[in-house]
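Colleague: quick check, what structure comes out for this input:
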Amino acid sequence: MELATMPESYGGNAMIGICYLVKEDADTVAERIEKLCENQRYDGAFWEEALYNKDRMIVAARVVHSADAVEINTYEQLREIDSDSNQLKTDAIQVICEALKATAEEITDITVLKKGMINRSFLEQTSIIG
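Modeller: This next block holds a predicted model:
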């Protein structure tokens, strides 16, 4: 039940999904994130970098069959799978809708411009017909 980084040619399980941490692990991860933020090398990194101690993860794995999981990488994919998700009801989308006088459904093709540990920038396309 241990996760470790391996060369891609080895195959095996992959990490997907949401991570839930118990308080002790969450405190450790928070400290590790603060340390990573001090190093410019991690400016483009995801927070999950803080889960690693060398090539091993500090949290235990929960193995789930791939048929029971759906990976969501974009706003569009989340919208397709769960249109009622609270994650779709963000201040950013509301601001875009108000500024462009568009509905949330008209906001499409959202693309991450810059990946970082804290802030993300997005490019979106609005298709307004009429």
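
Colleague: look up how far Glu80 lies from the residue nearest the centre of the chain.
Modeller: Residue closest to the average C-alpha location in the chain (Cα atoms, centre = their mean): Asn73, at 7.1 Å. Using Cβ to Cβ, to the nearest Å, Asn73 is found at 12 Å from Glu80. Where C-beta positions appear, they are placed from N, C-alpha and C, glycine not excepted.

Colleague: can you give the domain ranges for this structure?
Modeller: 8-68, 75-126 (automatic domain parsing).

Colleague: let's have these in TSV, adding mean neighbour count and mean pLDDT.
Modeller: Below are the domains of the chain laid out as TSV (neighbours: other Cβ atoms under 10 Å; pLDDT from 0 to 100):
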stretch	mean neighbour count	mean pLDDT
domain 8-68	11	83
domain 75-126	12	72
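
Colleague: which parts of this structure are helices?
Modeller: For the chain, the helices defined by DSSP state H occupy 23-37, 75-81, 91-100.

Colleague: so which of the ones you listed gets nearest Ile110?
Modeller: helix 75-81 (4.4 Å; Cβ to Cβ).

Colleague: show me what that closest one packs onto, helices and strands only.
Modeller: strand 107-114 (3 or more Cβ pairs under 8 Å, 6 or more residues apart in numbering; DSSP states H and E).

Colleague: quick one: which of the helices of the chain is nearest Ala45?
Modeller: Closest among the helices of the chain, using Cβ to Cβ: helix 23-37, at 6.7 Å.
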